[in-house]
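# compute the structure for the input listed below.
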Amino acid sequence: MKNLQELISEMHLNTNMNIEEIPDLDLYIDQVIQLFENKYAPSKRYPEDKILTKTMINNYAKGQLFYPIKNKKYSKNHFLLISLIYQMKGTLTINDVKQTLHLLNSKITEEDFDLQQLYSSYLELTEANTETFKKDVVNHEEEVNQLVSKLQDEDEDYLKQLLLVAVFTNMSNFYRRAAERIVDEIGRKETE
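As a prediction, the model looks like this:
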């Protein structure tokens with residue numbers, strides 16, 4: 001089995017769109033896509049994978065996941081919202097993402113909410129989560145190694161991989177379910 005630390009390194013966990021990397025001028029859709037592709041390309045699973053497409057962005061706009069654009073151009077706030085959508089869509093349904101961002105979109109358009117400050121907080125949390133994740137992976141690997149060694153099976157490497165996949169998907173499901181519960185709570189508060 002490939003060294004787990006090496007695998008983590010190949011994941012490019014610290015690949016996030018920093019506010020300073022986003023131009024202060026409004027961008028056309030092709031420019032938005034190109035910035036995303038350039039930034040997130042190292043985190044692709046397969047080289048042919050697309051990070052973001054015109055169809056995706058148009059679907060987000062039609063689905064009202066972000067507030068309307070002006071003159072076919074995307075502002076820095078749109079870019080930050082698309083970045084949040086990009087992160088959430090891997091785990092949540094598009095309807096859940098819409099529910100989660102609905103009030104935020106209203107705050108931006110009606111209250112002149114400072115999205116950049118909120119996004120900076122998100123980046124801080126993401127950086128801390130990356131370190132927590134790395135430590136957790138080491139702990140899971142140690143636990144799996146101990147348990148598999150007790151099995152005394154000739155396919156030890158495969159059994160370690162199998163258990164790691166099972167443990168990681170289990171943890172992922174726990175976090176997804178917790179996020180879904182929070183989305184449901186957001187929905188209940190908005191309907192009251």
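
# centroid-nearest residue for the protein?
Gln87 (2.3 Å; CA atoms, centre = their mean).

# low-confidence ranges, the protein, go.
1-2 (pLDDT under 70).

# so what touches the strand or helix carrying the residue nearest to the centre of the chain?
Using DSSP states H and E, Gln87 maps to helix 76-88. Residues outside helix 76-88 that contact it (CB atoms under 8 Å, 6 or more residues apart in numbering): 16-17, 19, 22-24, 27, 32, 35-36, 40, 51-52, 57, 60, 65-67, 69, 74, 96-97, 100-101, 104-105, 108, 115-116, 119, 122. C-betas here are computed from N, CA, C, even on glycine.

# filter those down to just the ones in strands.
Among the contacts of helix 76-88, no member falls in strands (DSSP state E).

# filter the residues you listed to the buried ones?
Neighbour-count burial (16 or more other CB atoms under 10 Å) is assigned, among the contacts of helix 76-88, to 16-17, 19, 22, 27, 32, 35-36, 40, 51-52, 57, 60, 65-67, 69, 74, 96-97, 100-101, 104-105, 108, 115, 119.

# what about those residues, which are in helices?
Under the assignment DSSP state H, those contribute 32, 35-36, 40, 57, 60, 96-97, 100-101, 104-105, 108, 115, 119 to helices.

# looking at those residues, which is nearest Val167?
In terms of CB to CB, no member of those lies closer to Val167 than Asp96, at 24.7 Å.

# out of everything not next to it in sequence, what's closest to the closest one?
Using CB to CB, 6 or more residues apart in numbering and skipping residues adjacent in sequence, the residue nearest Asp96 is Val183, 4.6 Å away.

# same check on Pro42?
Nearest to Pro42 is His12, by CB to CB, 6+ apart, at 4.3 Å.
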